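Novice: Quick one: sequence plus predicted model below, questions after.
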Amino acid sequence: MDESRLTIRRAIKADIPQLLELYRHLIPGDEQPTEAQAGDAFARFLTYAGSAIFLGELNDVLVASCALVVVPNLTRGAKPFGLIENVVTHSDHRNCGYGRQILDAASESAWASGCYKVMLMTGSQKPSTLSFYLAAGFEQSKTGFQKRRFPVRSEI
């Protein structure tokens, strides 16, 4: 496992085509937005101060990503909290430590933005996925609920 070559940075609008390709490894067969739709969503995403999509590149190839949304809050002394979503590593580059590095970068950014906690949810029941999040420093300490407009995706 060679983690040293991974470069982590924040996404910019020009990264959208590569990011959409990487998301195919998150949800194969998922409906893809047009580049214009994705560009609009990306611009709205950046209106939340501190929020970012983190990219992990290996030799200029995008291999991992996650999104961090910093949510303003009126409790906890008005400290915001972070939500991490869309955690993905290209299937050819899994089990190399890249996903953990991306999660670490997002967490550090949340702390720098004053967040008092960072949360993520997974629909996966795979022991390997749950172990991955535990090993990355997350604890399974809350009960999550959701209301969906679209059906849950099938397990990969």
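Specialist: Noted; the coordinates are in hand. Residues are numbered from 1 along each chain as shown.

Novice: Tell me how far the residue lying closest to residue 63 once chain neighbours are set aside lies from residue 35.
Specialist: Once flanking residues are discounted, residue 63 sits nearest to residue 93: 4.2 Å by C-beta to C-beta, 6 or more residues apart in numbering. Bear in mind the C-beta positions are built from the backbone N, C-alpha and C, glycine included. Separation of residue 93 from residue 35 (C-beta to C-beta, to the nearest Å): 24 Å.

Novice: So these two - more neighbours on which side?
Specialist: Ranked by neighbour count (other C-beta atoms under 10 Å), residue 93 and residue 35 place residue 93 first, with 18 against 12.

Novice: Could you pull up the contacting residues of the residue positioned nearest the centre of the chain?
Specialist: Centrality entry for the chain: nearest residue to the mean C-alpha point is residue 66, 2.0 Å, by C-alpha atoms, centre = their mean. Residue 66 sits next to 53, 54, 84, 85, 86, 87, 88, 99, 102, 103, 106 when contact means C-beta atoms under 8 Å, 6 or more residues apart in numbering.

Novice: what residue ranges in this protein are flagged as low confidence?
Specialist: 1-4, 153-156 (pLDDT under 70).

Novice: So which residue of it lies furthest out from the middle?
Specialist: Distance from the centre of the chain peaks at residue 77, with 26.1 Å (C-alpha atoms, centre = their mean).

Novice: all helices for this protein, in order.
Specialist: Secondary structure of the chain, counting by DSSP state H: helices at 16-23, 35-45, 98-112, 127-135.

Novice: Identify the nearest residue to residue 32 in space, disregarding sequence-adjacent positions?
Specialist: residue 20 (5.9 Å).

Novice: Thought residue 38 was touching the one you found, still the case?
Specialist: Yes: here residue 20 lies in contact with residue 38, judged by C-beta atoms under 8 Å, at a distance of 6.2 Å.

Novice: Thanks a lot, catch you later.
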